[in-house]
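Enquirer: give me coordinates for this.
(2 chains)
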Amino acid sequence: MAELAQTETKALQEPAHHELLITGDPSFEQVTDSVSRIVEGKTPKAWWVLFGISSSATLLLLVAIAYLFWEGIGIWGLNVPVAWGLAIVNLVFWIGIGHAGTLISAVLFLLRQRWRTSINRFAEAMTIFAVICALIFPAIHVGRIWVVYYIFPIPNQMSIWPNFRSPLLWDVFAFGTYFTVSLLFWYVGLIPDLATLRERTTNRIKKIVFGVLSLGWHGGNKQWKHYEMAYLILAAIATPLVLSVHSIVSMDFAVSLLPGWHTTIFPPYFVAGAIFSGFAMVMTLAILTRATLGLKDIFNMRVLERMNLIMLVTGSMVGYAYAMEFFIAWYSGNEYEMFAFVNRAFGPYAWAYWIMISCNVIVPQFFWSKRLRTNIAFMFIASILINIGMWFERFVIVVTLSRDYLPSAWGYYTPTFWDIAILIGSFGLFFSLFLLFLRFLPMAAMSEVKGVLPQADPHYAGNIQAHSQAVS
Amino acid sequence: MMKLVKKIDRVILAEFGSPKELLKAAEKMRQEGYKEFDCHSPFHIHGMDAAMGLKRSPLGYIVFAFATMGLLGALGLQYWTSAVDYPLVISGKPFFSGPAFVPVVFALTILTAAITAVVGMIVINRLPRLRHPLFSSDRFGKFSDGSFFISVESSDKKYNDAHTAGFLKTIGGQNIEILKDE
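Expert: Next comes the predicted model:
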């Protein structure tokens, strides 16, 4: 008890910014070394095994897409009333995953949550790859792929323009912007670290590649001044994207007039779900990377625990949204609306609904326990369950349309082999890109991590030489 | 008119031990009247802009101007295509459907702002510049690792090989080198 009181007073005395964000008290050089080593060292065997598996799955994706283009949308299990099927389920799933990366890189930056520096590079990369996976689905689902450029406002042979009143067109702009902004944000963050790799490498080709990519960065404060401003502006304009992109996605559903879809709760509910699933994916990847590549001081328990807390908050918001949907369906007094929800929970897709509830509502509640939210094995399993649950959330929303107004049209939507092949293939593409990223680019933002070390503060009282000597 | 590629003949480079020393040295450089000098560090050091006497980056105003153009452009695009060039009645909505046009206006405004911020940063910093006298130093590469440097360009009015090197030494600089553009 006395010990506890002592630590508490100590915590109160220490200003918040003196809290150690990176454990193990590394020197600047140790940070550079621990991150760059992964890029510079030999490719581990495990990497080849994982890359072999994921690139094979990517090949399956390419085959499935080629067959789709050859044969047409009929190879999927689609039929009215379930006209969108897995293509939209996967789109929403992947684009949702991306949101955690943007939240970490932009929102937490503006809120001065400096613990984000450990995971932001990693999470931003995840965002970009998830958005690439997401964009495949609407593109290949257009049917006549050879006229896919009709979605852009460019003059075409019909001299007609896209319909700007359609949420599906809003998606084109929302996703295009989201992808571009994420990529720019990521690249700007990479510039100083690419310069580090340029200075370290002895390989001439790598020197040229990193040299060109780092634009001749020399870390002068005259460069940093504009750089920091650009970073701040990017963070400020990416912040509304965290809310807007998934809101616009939800409008694909909410703007329609279908029972179960036409609800005002969709935008906030989708945004919370997106952040929830995205953090779960960051967690899964962070634990795997941490276990295989080290970096335990950068991806430390404090960071992991905070991510679990964010999952607890957003998971509770999602649970609240599920309950509120039901309540409003009952309160509306509209029998079609009521039927849609009763059908979700107790109809032919009840199994999917209860998977969703268990994974998304019950699992995150365990994070109230400090013991469980600091337990690596538990959080790893929880993060995977949450991702499964969030995939099923979109599945439930989309396929329970199989019972609409007209009982004669009722059916049971089942995905075909090709539906599943594209889903698996999208995971393959995601992991292939992620593995390439881990192998060829610095996976943690070295310059930012160094900036939050205590000795980076110009008012640091300790002896910096002690840190330098520790290296040599 | 700002020259696109500034010619740099000579640079004096001095190394400092810590962010604290670099910050103090930067203040002394400014007080001594140097302008064409820069402080190189692996990360942005808090308070360095003030120590060096640098003004706030103008990037924010540039981004604001371009973002406004993006906003008006997006609005104009939708107005012209939907209400002027090929008006179509869709679900009985007006040709210029204000609220329905908001998401695209929003997205394109953000897009122009982001592109301007990045391109603007690169242009203001006069990047890419792959060749620089600094890169001929063997020690300088550690600027992105854990070392701290001050460089003074020969274009500075107060610049003088011997005198500047001597001054850098008095304010704590070590390993002083004179670098030339070969």
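Enquirer: gap between the residue positioned nearest the centre of chain B and chain A?
Expert: In chain B, the residue lying closest to the centroid (C-alpha atoms, centre = their mean) is B:Asn125, at 4.1 Å. Distance from B:Asn125 to chain A, counting by C-beta to the nearest C-beta, to the nearest Å: 5 Å. The C-beta positions use only the backbone N, C-alpha and C, and glycine is treated the same way.
Enquirer: tell me where chain B has helices.
Expert: B:19-32, B:48-52, B:59-79, B:98-124, B:161-170 (DSSP state H).
Enquirer: reformat the ones you listed as JSON lines; add mean neighbour count, mean pLDDT and distance to A:Ser402.
Expert: Shown next, in JSON lines, are the helices of chain B (neighbours: other C-beta atoms under 10 Å in any protein chain shown; pLDDT from 0 to 100; distance: least, C-beta to C-beta, whole Å):
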{"stretch": "helix B:19-32", "mean neighbour count": "20", "mean pLDDT": "89", "distance to A:Ser402": "63"}
{"stretch": "helix B:48-52", "mean neighbour count": "19", "mean pLDDT": "89", "distance to A:Ser402": "61"}
{"stretch": "helix B:59-79", "mean neighbour count": "17", "mean pLDDT": "95", "distance to A:Ser402": "36"}
{"stretch": "helix B:98-124", "mean neighbour count": "21", "mean pLDDT": "94", "distance to A:Ser402": "29"}
{"stretch": "helix B:161-170", "mean neighbour count": "15", "mean pLDDT": "86", "distance to A:Ser402": "76"}
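Enquirer: let me know which of the ones you listed is the nearest to B:Arg10.
Expert: helix B:161-170 (7.5 Å; C-beta to C-beta).
Enquirer: does that closest one pack against any helices or strands, and if so which?
Expert: Here helix B:161-170 touches strand B:10-16, strand B:148-153, strand B:174-180, going by 3 or more C-beta pairs under 8 Å, 6 or more residues apart in numbering or on different chains; DSSP states H and E.
Enquirer: how far away is A:Leu194 from A:Val242?
Expert: In this view, A:Leu194 and A:Val242 are 26 Å apart by C-beta to C-beta, to the nearest Å.
Enquirer: equivalent analysis for A:Phe427, please.
Expert: 24 Å.
Enquirer: what about the two, which has more around it?
Expert: Set A:Phe427 next to A:Val242 and count neighbours by other C-beta atoms under 10 Å in any protein chain shown: A:Val242 wins out with 24 against 16.
Enquirer: where does the stretch 351-472 of chain A get nearest to chain B, residue-wise?
Expert: With C-beta to the nearest C-beta, the shortest gap between the stretch 351-472 of chain A and chain B falls at A:Gly451, namely 3.8 Å.
Enquirer: show me what contacts that residue?
Expert: By C-beta atoms under 8 Å, 6 or more residues apart in numbering or on different chains, A:Gly451 lies in contact with A:Thr117, B:Phe43, B:His44.
Enquirer: and it, what are its phi and psi?
Expert: Dihedral angles of A:Gly451 (phi, psi; degrees, to the nearest 10) stand at phi -60, psi -20.
Enquirer: from A:Ala445, how far off is it?
Expert: The gap separating A:Gly451 from A:Ala445 is 9 Å, by C-beta to C-beta.
Enquirer: shared neighbours, those two?
Expert: Common neighbours of A:Gly451 and A:Ala445 (criterion: C-beta under 8 Å, 6+ apart): A:Thr117.
Enquirer: grab the nearest non-local neighbour of the residue in chain B positioned nearest to chain A.
Expert: Relative to chain A, the nearest point of chain B is B:Gly146 (3.0 Å; C-beta to the nearest C-beta). Counting by C-beta to C-beta, 6 or more residues apart in numbering or on different chains, A:Phe28 is the residue found nearest to B:Gly146 once chain neighbours are left out, at 3.0 Å.
Enquirer: ok, the one you found touching A:Ser447?
Expert: No: A:Phe28 lies out of contact with A:Ser447 (C-beta atoms under 8 Å); the separation is 9.9 Å.
Enquirer: before we move on, the earlier item: out of the helices and strands packed on helix B:161-170, deepest packed?
Expert: strand B:148-153 (a mean of 25; mean count of other C-beta atoms under 10 Å in any protein chain shown).
Enquirer: what pairs with it, and is each one parallel or antiparallel?
Expert: strand B:10-16 (antiparallel), strand B:37-40 (antiparallel) (DSSP bridges).
Enquirer: same list (these) but as a markdown table, adding mean pLDDT and distance to A:Tyr405.
Expert: Converted to a markdown table, the strands paired with strand B:148-153 look like this (pLDDT from 0 to 100; distance: least, C-beta to C-beta, whole Å):
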| stretch | mean pLDDT | distance to A:Tyr405 |
| --- | --- | --- |
| strand B:10-16 | 89 | 75 |
| strand B:37-40 | 90 | 69 |
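Enquirer: Serialize the ones you listed to TSV and add fields for distance to A:Ile140.
Expert: Below are those laid out as TSV (distance: least, C-beta to C-beta, whole Å):
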stretch	distance to A:Ile140
strand B:10-16	54
strand B:37-40	48
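Enquirer: what's the closest of those to A:Met126?
Expert: Nearest of those to A:Met126, taken as C-beta to C-beta: strand B:37-40 at 31.5 Å.
Enquirer: state the number of residues packed around B:Leu88.
Expert: When neighbours are defined as other C-beta under 10 Å, B:Leu88 has 13 of them.
Enquirer: quick check: it vs B:Lys28, distance?
Expert: 69 Å.
Enquirer: and for B:Ser41?
Expert: 17 Å.
Enquirer: now A:Val396
Expert: Using C-beta to C-beta, A:Val396 is found at 66 Å from B:Lys28.
Enquirer: what's near enough to touch the residue in chain A that chain B sits nearest to?
Expert: Sorted by distance to chain B under C-beta to the nearest C-beta, the residues of chain A start with A:Phe28, at 3.0 Å. A:Phe28 sits next to A:Lys450, A:Leu453, A:Gln455, A:Ala456, A:His467, B:Pro42, B:Asp145, B:Gly146 when contact means C-beta under 8 Å, 6+ apart.
Enquirer: the last one and A:Pro26 touch, don't they?
Expert: No: using C-beta under 8 Å, B:Gly146 and A:Pro26 do not qualify as a contacting pair, with a distance of 10.2 Å.
Enquirer: which of these two has more residues huddled nearby?
Expert: B:Gly146 (24 against 21).
Enquirer: for that one, give its distance to A:Ile388.
Expert: The span separating B:Gly146 from A:Ile388 equals 43 Å under the rule C-beta to C-beta.
Enquirer: for A:Ile132, same thing?
Expert: With C-beta to C-beta as the criterion, A:Ile132 and A:Ile388 are 22 Å apart.
Enquirer: and for B:Lys93?
Expert: Distance of B:Lys93 to A:Ile388, computed by C-beta to C-beta: 40 Å.
Enquirer: ok, those two, which is more surrounded?
Expert: Shown here are B:Lys93 and A:Ile388; by other C-beta under 10 Å, A:Ile388 has more neighbours (17 against 14).
Enquirer: isn't the more buried one right up against A:Val363?
Expert: No: counting by C-beta under 8 Å, A:Ile388 stays clear of A:Val363, with 9.6 Å between them.
Enquirer: and the host helix or strand of A:Leu423, average pLDDT?
Expert: Element membership for A:Leu423 (DSSP states H and E) is helix A:417-440. Per-region confidence: helix A:417-440 scores 95 on mean pLDDT.
Enquirer: who are the packing partners of that helix?
Expert: Identification of packing neighbours for helix A:417-440 by 3+ C-beta pairs under 8 Å, 6+ apart yields helix A:28-40, helix A:45-71, helix A:85-102, helix A:120-140, helix A:266-293.
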